[in-house]
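> Attaching a predicted model along with its sequence, questions to come.
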Amino acid sequence: MTALPVLPNSRRRGPRHRRQLLPTILLTVISLFTVGPLLAMAVLALSPADAPTLPDALPHSLTLDNITRVFDVGNFPTWLLNSLVYSVVSVVVILLTASMAAYALVRKRFPGRNALLWAIVATLMVPVQATLIPTFILISRMGGVNTLWGLIAPSLANAQAVFLIRQFVRDLPDEIFDAARVDGAGEWRTFVQIVLPLIRPVLATLAIFIFLWHWNDLLWPLVVGQTDHARTLTVGLATLNTETESTANIMSAAFISLLPCLVVFVALQRHIVASITSSGVKG
Amino acid sequence: MPVHAPPRTLPAGRVPPHPAAGNRPGAHLARRRRREAATGILFVLPTLVIFGLFKFLPIAGAAAMSMTRYRLNGDMTWLGTQNYQRLWHDPAFWQSLKATAVYVGIFVPLTMAVSLAGAVLLNSLVRRTGTFRALLFVPYLCSFVMAGIIWSWMFRSDGPVNAALGGLGAGPIAFLSGDHLLVLGCLALVSVWKGFGYSMLVFLAGLKSQPAEVHEAARIDGANSLQAFWHITLPLLKPVLFFVLVIETIIGFQVFDTIFVMTGGGPDRASYSLIYFLYDEAFKFLDFGYAAAIGMVLFAIVLVLSLIQRYFIEGRDHT
């Protein structure tokens, strides 16, 4: 064996290591800025009710009392359920309808195809707040105020999903579809068994973002859910904060509402980073 | 069409064309086209219905409704441009525009600076990149409401920020109820905290795509890292900087959630943003037509910003 290139390597490692020191320190400082408040929230949520706690002192022990007590505050379990239904149903319906539309818009020729695509993409330029009032009037006329379907229905029109999925379907090679036809697969089978599995990466990415957007949404749920039992967790949190609720309860509620997002993030971090860095999904 | 066209051989397994279609060569193709169109429309139908009801209709409705006096019980009076004239003379509207503009003026440069710094630092790091990236990105998972809740506690008179100031011998500062510029600054800071992770990742992607040879050449030419950053990294990053600038400005103009949670538009309407104004007019004063007109103003602002972006970015690398 030849000698390992120990010397040049170690010579290079010295200065490069020193160059790492400053970025590491600065990044640690920014990390304290980002994570510090979240840690404080967690500590407040887990502190015993009567013991001295932040910002005066660190609690002597941690407890889950606040977390369990929060479920008795307001209609907390209902809020949680509403948020879950709002987010999960939206993810499923948007991904299904948007994939179907994207598939048709790319692979099928039909009258009005280009006009429809253009119209869908054009809606990206209209902020949701600009159409808040007519949407509310519409839902209220349809009897959807304070209902789950009234909450969910308007958010199902997601132009970003159609647009992004379309770009993925467009890149699928023609041969796959020819092969499917030769094998005698019908349109629906081709879509479910060939298209959907092939575009799984973009579906996973969109699932994360749609979940986050809906879970964290305030304005529409606030407007359409006017009674306590029709609120989502975000709206519930916002109203808890303006009412005279204890810090421990508010922080516990906020802590619980962050958990699903943390789980989603930890599980699918790669997808999130890849999608932002490649296409720019924005909520 | 030739009368004695040779009979076409049909592909195996295919239903022969309807007798009425005769042996015209185009008949089979036309049938296939029709089937294709039918499938396409069927697949697009759910989206068409959803978008028709909840996007196209409200967009048309917003423009029309902004020209009316509209009450929830359905009473509607055509006003023409009166709502817009009223906006022009409404001090609350100008206050909301001013508050939003000042907020955007603080928020956008701050978020650009922090996310660019984060991206440059992450890019220069060799190890633990993933860990730091996650730590810096994690507030992005929060809602603006949650960010508002945490930071209103941070900024409380007996909160940690004032506790730290007290430790330094400075008096407690009324962050959210005192000086108007300070209030907007605090709100901007909360939004930076919540959202900069996204722009940071966009910048990071931009940095990673820069050709290493250019930076190598600069180093050989004796440029220090500050010079290299200023004369090479930044100019190469210009399209990305512009993209983030426009996106964050649009986001800034839509500020509502943190204000709703932290200040309620106060003190003295210091943080009375455009959307807060819209929300008040619609759901406090039930003046839906007027609120729709405010919505159209926001639309106009966002449209101009989007068109600028389209012109400068998407026009260049359109595929």
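Sure thing, it's come through.
> Longest helix in chain B, by number of residues?
For chain B, the helix with the greatest residue count under DSSP state H is helix B:91-124.
> what about the following helix or strand past that one, average pLDDT?
Heading C-terminal from helix B:91-124, the first helix or strand you meet, by DSSP states H and E, is helix B:129-137. Across helix B:129-137, the average pLDDT comes to 91.
> Stretch A:209-220 now?
When pLDDT is averaged over stretch A:209-220, the result is 94.
> what does stretch A:140-151 give?
Averaging pLDDT along stretch A:140-151 gives 94.
> Report the buried residues of that stretch.
Using 16 or more other Cβ atoms under 10 Å in any protein chain shown as the test for burial, stretch A:140-151 gives A:S140, A:G144, A:V145, A:N146, A:L148, A:G150, A:L151. (C-beta placed from N, C-alpha, C; glycine too.)
> Find out how far it is from the centre of the chain, if you would.
Chain-centre distance of stretch A:140-151: 23 Å, with Cα atoms, centre = their mean, to the nearest Å.
> for stretch B:286-303, same thing?
Taking mean C-alpha positions (Cα atoms, centre = their mean), stretch B:286-303 and its chain are 17 Å apart.
> contact partners of that stretch?
Applying Cβ atoms under 8 Å, 6 or more residues apart in numbering or on different chains, the contact partners of stretch B:286-303 are A:125-127, A:129-134, A:136-137, B:62-63, B:65-72, B:76, B:79, B:83-84, B:86-87, B:93, B:250, B:253-254, B:274-275, B:277-279, B:281-282.
> Which ones among those lie within strands?
B:T68, B:R69, B:Y70, B:M76 (DSSP state E).
> between those residues, which is nearest chain A?
B:Y70 (7.4 Å; Cβ to the nearest Cβ).
> show me the contacts for that closest one.
B:Y70 sits next to A:I137, B:M76, B:F288, B:G289, B:A292 when contact means Cβ under 8 Å, 6+ apart.
> Look up the pLDDT of it for me, please.
pLDDT, B:Y70: 89.
> likewise A:L7?
43.
> next one: A:L258
On the pLDDT scale, A:L258 gets 93.
> The residue of the stretch 51-200 of chain A found nearest chain B: how many residues sit nearby?
Residue of the stretch 51-200 of chain A nearest chain B, by Cβ to the nearest Cβ: A:K108 (3.0 Å). Close neighbours of A:K108, defined as other Cβ atoms under 10 Å in any protein chain shown, add up to 19.
> what does the model give it for pLDDT?
For A:K108, the predicted pLDDT is 91.
> A:P59 too?
You'll see A:P59 listed with a pLDDT of 81.
> Could you measure from it over to A:L44?
Between A:P59 and A:L44 the computed distance is 9 Å (Cβ to Cβ, to the nearest Å).
> Centroid-nearest residue for the chain?
Here I'm looking at chain A. By Cα atoms, centre = their mean, the mean C-alpha position of chain A lies nearest to A:L212, the distance being 1.8 Å.
> that's the wrong chain, I meant chain B
The centre of chain B sits closest to B:I251, judged by Cα atoms, centre = their mean, with a distance of 4.6 Å.
> Helix or strand for the closest residue to that one other than its chain neighbours, just tell me which one.
Using Cβ to Cβ, 6 or more residues apart in numbering or on different chains and skipping the chain neighbours, the partner closest in space to B:I251 is B:G195 (7.0 Å). For B:G195, the element it lies in under DSSP H and E is helix B:180-208.
> Identify the residues contacting B:E281.
Neighbours of B:E281 in contact, by Cβ under 8 Å, 6+ apart: B:D287, B:Y290, B:A291, B:I294.
> Next: B:G159.
Neighbouring residues of B:G159 by Cβ under 8 Å, 6+ apart: A:P55, B:W153.
> From B:F155, how far off is A:W215?
Distance from A:W215 to B:F155, by Cβ to Cβ: 25 Å.
> what about A:D217, which SS state?
Look at A:D217: counting by DSSP: H, G, I helix; E, B strand; the rest coil, its state is coil.
> Hmm, A:T234 and it touching each other?
Yes: A:D217 lies in contact with A:T234 (Cβ atoms under 8 Å); the separation is 6.4 Å.
> Can you pick out the residue with more neighbours from those two?
In this view A:D217 and A:T234 are compared by other Cβ under 10 Å, and A:T234 has more residues nearby, 28 against 25.
> how distant is the helix or strand harbouring the more buried one from the center of its chain?
For A:T234, the element it lies in under DSSP H and E is helix A:233-242. Distance, stretch centre to chain centre, for helix A:233-242: 19 Å (Cα atoms, centre = their mean).
> Check which helices and strands that helix sits against.
helix A:76-107, helix A:219-224, helix A:247-278, helix B:144-154, helix B:257-262 (3 or more Cβ pairs under 8 Å, 6 or more residues apart in numbering or on different chains; DSSP states H and E).
> what about 6 Å?
With contacts taken as 3 or more Cβ pairs under 6 Å, 6 or more residues apart in numbering or on different chains; DSSP states H and E, helix A:233-242 sits against helix A:76-107, helix A:247-278, helix B:144-154.
> Start and end of stretch A:123-143, how far apart?
One end of stretch A:123-143 sits 25 Å from the other (Cα to Cα, to the nearest Å).
> Would that stretch count as contacting chain B?
Yes: using Cβ under 6 Å from any Cβ of the partner chain, stretch A:123-143 reaches chain B at A:T123, A:M125, A:V126, A:P127, A:Q129, A:A130, A:T131, A:I133, A:P134, A:T135.
> so which two of those are the farthest from each other?
A:M125 and A:I133 (18.2 Å; Cβ to Cβ).
> Give the residue from those two that has the larger number of neighbours.
A:I133 (29 against 17).
> Now that one. Nearest residue, chain neighbours left out?
Nearest residue to A:I133 in three dimensions, chain neighbours excluded: B:A292, at 4.6 Å (Cβ to Cβ, 6+ apart).
> got the residues of the stretch 151-283 of chain A near chain B?
Within the stretch 151-283 of chain A, the positions near chain B by Cβ under 6 Å from any Cβ are A:154, A:156-157, A:187, A:216, A:218, A:234, A:237-238, A:241, A:250, A:254, A:261, A:265, A:276-277, A:282.
> Tell me how many other residues surround residue 254.
Looking at chain A here, since you left the chain open. The tally of other residues near A:A254 (other Cβ under 10 Å) stands at 29.
> meant chain B actually
Neighbour tally, B:Q254, other Cβ under 10 Å: 19.
> Now do it, the pLDDT please.
95.
> repeat for A:T2
Per-residue confidence for A:T2 comes out at a pLDDT of 46.
> show me the contacts for A:P127.
By Cβ atoms under 6 Å, 6 or more residues apart in numbering or on different chains, the residues touching A:P127 are B:Q254, B:L298, B:V302.
> how about a cut-off of 8 Å?
Residues near A:P127 by Cβ under 8 Å, 6+ apart: B:I250, B:Q254, B:L298, B:F299, B:V302.
> among these, who's most crowded?
Neighbour-wise, these (other Cβ under 10 Å) top out at B:L298, 23 neighbours.
> any low-confidence regions in the chain?
Since you didn't name a chain, this refers to chain A. Where chain A drops to pLDDT under 70, the residues are A:1-18, A:243-244, A:278-283.
> think we crossed wires, I meant chain B
B:1-25, B:313-319.
> So the residue nearest to A:I133 lies in a helix, does it not?
Yes: looking at B:A292 with three-state DSSP, it is inside a helix.
> Tell me, how many residues neighbour it?
Neighbour number of B:A292 under other Cβ under 10 Å is 29.
> quick one, helices of the stretch 51-200 of chain A?
A:65-70, A:76-107, A:113-122, A:132-141, A:148-152, A:159-170, A:174-182, A:187-190, A:196-198, A:200-215 (DSSP state H, counting those that start in this stretch).
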